[in-house]
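Asker: got a predicted structure here, sequence first:
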Amino acid sequence: VVYGSPSAQRVLHVYADPRCPYCKRMDVALGDTMRRLADDGHLTLYHHFAAFLDDALGGSGSHRALNALGAAADVGQVPFLAYLRTLFAH
């Protein structure tokens, strides 16, 4: 999922699982900065997601979160990123 202008000169690829505590730490620490840099046109964020923790821990939380993120992305970049930040915050 792309956030920001695709014409920005720099690209930041972010890989995450919505259930990953380390991914959450990264988002809590750097999410506002990454969003601001993308909003200012300094870079484009490319989000790549996986659901590897569902297999390792059981359950389907990652898959369900990814489906919801896909729906948010269908609405637009801003709703997608807002929902992603909400998932990691909670």
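Answerer: Thanks, I have it.

Asker: wait, residue 88 sits on residue 20?
Answerer: No: counting by CB atoms under 8 Å, residue 88 does not reach residue 20; the two are 9.2 Å apart. C-beta here means a position set from N, CA and C on the backbone, and glycine is covered the same way.

Asker: contacts for the least confident helix or strand in the chain by mean pLDDT?
Answerer: Ranked by mean pLDDT, DSSP states H and E, the helix or strand of the chain with the weakest confidence is helix 52-57, at a mean of 90. Residues from elsewhere that reach helix 52-57, judged by CB atoms under 8 Å, 6 or more residues apart in numbering: 17, 19-20, 60-63.

Asker: what about the residue in the chain sticking out farthest from the centre, distance to residue 19?
Answerer: Computed with CA atoms, centre = their mean, the residue of the chain farthest from its C-alpha average is residue 58, at 21.6 Å. As judged by CB to CB, to the nearest Å, residue 58 and residue 19 stand 11 Å apart.

Asker: and residue 4, by the same measure?
Answerer: Applying CB to CB to residue 4 and residue 19 gives a distance of 25 Å.

Asker: more neighbours: the two, which one.
Answerer: Of the pair residue 4 and residue 19, residue 4 is the one with more neighbours under other CB atoms under 10 Å, namely 23 against 20.

Asker: and the gap between that one and residue 81?
Answerer: 9 Å.

Asker: just the strands from the protein, written as ranges.
Answerer: 2-3, 11-16, 44-49 (DSSP state E).

Asker: which elements pack onto the first one?
Answerer: Read it as strand 2-3. Using 3 or more CB pairs under 8 Å, 6 or more residues apart in numbering; DSSP states H and E, the elements in contact with strand 2-3 are strand 44-49, helix 77-89.

Asker: for the last one, same thing?
Answerer: With contacts defined as 3+ CB pairs under 8 Å, 6+ apart, the packing partners of strand 44-49 are strand 2-3, strand 11-16, helix 21-39.

Asker: sounds good, over and out.
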